[in-house]
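[1] Model the structure of this input:
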Amino acid sequence: APRTEPMVMMRGQPRSAKRRMLSSYSTAERLAARYPDTHFIIVDHEPLPDSKNVTGLVFAEDQAGFLAGALAGLITEKGTVGFIGGVEAPPILRFQRGFEHGVALTNRQARVVVRYTDSFDDPKAGERAARALLEEGADVIFAAAGASGSAAIRAAAREGAWVIGVDQDQWVTTFEAGAVPGSDRVLTSAVKRVDRAVYEAVTQALDGRLPPGTLRFDLRDEGVGLAPYHEADVAVPSEVKGKIEEIAHGLRTGRVRTRVGPQGEAIARGVLQRMMVWNWQAALIPLLAIFTALVIGALFIGAFDPEVWAAFGEGGVLTGLSTAWQSVVRAYTALFEGAFGSPARIVEAFRTYFQTRETKELLTAIRPLTESLRIATPYIFAGLAVALGFRCGLFNIGAEGQYFIGGLASVYVGYSLKGLPWFVHLPLAMAAGALGGAVWAAIAGWLKAKTGAHEVINTIMLNYIAYRLADYLLQVGGPMSRPGDFRPVSPEIEPSAYLPQFFPSDPANRLNVGLLLALFAVWFVYWLLFKTTVGFEIRAVGANPRAARTAGISVARNFVLAMGLSGGLAGLAGAHDILGVLHFMPNAFFSGYGFDAIALALLGKSHPVGVLLASLLFGFLRAGAQRMQAPPAFVPIDIISIVQALIIIFIAAPELVRLIYRVRPPKEEAEMVFTRGWGQV
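    Numbers count the residues shown, from 1 in each chain. Take a look at the predicted model:
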């Protein structure tokens, strides 16, 4: 049976040629770095930009899937077709998206039902997926799932459904050229001419013409296509065959496009088209969760306001409701102005600035906004830390302890090293914070990798150790306590270790360049996860450790690496608060950032950009809550804690939000197979 998953096959060429053929990319990049004199040719892999001795053979699976989908859309009689995938790797996603878009081209009314087996070598899972599709009415099934897919199409064909194979001509392989029952139900196969691609690459290699980088094979050079119809030839109308040939010609010339990106994502040419393609429900549920939490928060505000109850008692229901409404409006107005500032005051401050060039009033007016951004900065670091762990299938509940250790390390470097210029001292202090958090989290990662000890238990215990370690080091008379001070605090750091303030003329305005570092961290984590081999391995381990291990990825190494990177980000949150805000460390360094970060990662779907937006939201809520306590609102700050908790509840239970607002789950989400990864999209 054809295999779609990566599989190592090493075939030694003559020593003089120094060539090796691999069809696995999990270890090849590392091998290529170790053996720079050997040229590696890797199937289904795009080499890293700096790879000098790696050539990847990449196929237009989206075009092959598009043709299969176009055929399925023309053949289906029930209006429902099915796709079965192995795991959500880019080649499989390209097959899936191409198939979906091909169906949409020839039959806009047809429905595509998707199932994933979560494995390439589980025939039973393939048969279960086929039965599920048949029960949903699919009469044409396309499977790209290795041995799982082969079992699926055999089962579907026996039940009388049309099936489409993948990679090779499965009428010849899986159905043994007509010898296996159901072969007459094989429409065709979406083939990848790996043999042609390998022959071309080896020929160029032997001639000394093989460049590093990516060689792409599509319909134009017969790298992909459809296999013959074989026994189904008489069942496929001539007009259908002609339509498929017309579409194939359009794909070759560029007149027809699959609208599928390199990672299998749906793309479109225009902004409006991109907006239509984008999955708006991915943002709808978090927005509805926030809205619902604010509505319930409003009920709490009204319920705990004595004036509201007095109005109900003295003036009746209408007076009470009116007073409750006024109380809620006052509270949320104060929340908004505490987070962003008063719009009228900001406009007036700008008018004054343009007239007098005096910045004092302007800085005072925008102080709520800058304070929100200042609070959001450690949230960004901590949220990224937890999200990175989630991507590797790890629940890093120890970000608060890593925040503590990062603060301890940065404050020690900040006050103990004297006489250094700022461009040396500040980076050293930041690096110390990151390193401290990384080492602290890597301990849990190592225990997970080597002993199987659960990271949740490990990180909780490490939190307690971090708290008690800080108590010991910072207690009066302790190793890191401030001499002559009766408080359990560290010495103040040297000014050369301060994070520069954006507005040094206003000491109350504490926004600093840590915000820029946090934004850089967002970009870095995105680049790491989605643009590098390291990130791919981290996500592969999070999606399915067993499949990753089969592909040659070191699960243990990625556990330690992911936890180390996660802890480094949490340590930077602590370093920011020491170097940019406090300039010393108290033993009561509790912030709650590490625990709120779990909510941020969930709210942001473990995506760096989502974490950024969630962090800004929590920064605005936390800054605005301080204003809500003051006149005229007089709302306890605990109300915001309730709102934050409700947001977490609704994000963690999206079905509850859908039930309240009668929102149907998107097709992709309803049909997905959940993996062991946490909080992902």
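[2] use CA for all of it now, contacts and neighbours both
    Noted.
[3] What ranges does this protein have for its strands?
    19-22, 39-43, 54-59, 80-85, 111-116, 140-144, 162-167, 186-192, 213-217, 224-226 (DSSP state E).
[4] mind listing the helices for the stretch 51-200 of the chain?
    Per DSSP state H, counting those that start in this stretch, the stretch 51-200 of the chain carries helices over the ranges 61-75, 90-106, 123-135, 146-158, 194-206.
[5] elements contacting the fourth one?
    Secondary-structure packing of helix 146-158 (3 or more C-alpha pairs under 8 Å, 6 or more residues apart in numbering; DSSP states H and E): helix 123-135, strand 140-144, strand 162-167.
[6] Can you tell me what sits against it?
    1-5, 84-86, 117, 119-131, 134, 141-143, 162-165, 174-175, 181-183, 185-186 (C-alpha atoms under 8 Å, 6 or more residues apart in numbering).
[7] and if you look at the longest one?
    The set of residues external to helix 90-106 that reach it, using C-alpha under 8 Å, 6+ apart, is 44, 60-74, 83, 85-86, 110, 112, 144-145, 258-266.
[8] returning to that earlier point: what's the closest of the helices and strands packed on helix 146-158 to L318?
    Smallest distance to L318 across these (C-alpha to C-alpha): 55.0 Å, for helix 123-135.
[9] List the buried residues of stretch 240-256.
    Of the residues in stretch 240-256, 244, 247-248, 251-252 count as buried by neighbour count, 16 or more other C-alpha atoms under 10 Å.
[10] Out of these, which sit inside helices?
    Among the buried residues of stretch 240-256, DSSP state H puts 244, 247-248, 251-252 in helices.
[11] Out of those, which is nearest to P212?
    For those, the closest approach to P212 (C-alpha to C-alpha) belongs to R252, at 25.2 Å.
[12] distance of the residue lying closest to the closest one once chain neighbours are set aside from D506?
    Of all residues not flanking R252 in the chain, R220 sits nearest, at 5.0 Å (C-alpha to C-alpha, 6 or more residues apart in numbering). Distance of R220 to D506, given as C-alpha to C-alpha, to the nearest Å: 64 Å.
[13] repeat for P181
    81 Å.
[14] One more: L299?
    In this view, L299 and D506 are 38 Å apart by C-alpha to C-alpha.
[15] Distance from the chain centre to stretch 296-311, please.
    Distance of stretch 296-311 from the chain centroid (C-alpha atoms, centre = their mean, to the nearest Å) equals 39 Å.
[16] what's the answer for stretch 237-248, then?
    Per C-alpha atoms, centre = their mean, the centroid offset for stretch 237-248 relative to its chain is 40 Å.
[17] ok, now stretch 180-197?
    35 Å.
[18] on that earlier part again, any of the contacts of helix 90-106 buried? List them.
    Of the contacts of helix 90-106, these count as buried by 16+ other C-alpha under 10 Å: 44, 60-74, 83, 85-86, 110, 112, 144-145, 258-262, 264-266.
[19] Can you report how many residues neighbour T356?
    9 (other C-alpha atoms under 10 Å).
[20] Distance-wise, check it relative to S505.
    For T356 relative to S505 (C-alpha to C-alpha), the value is 17 Å.
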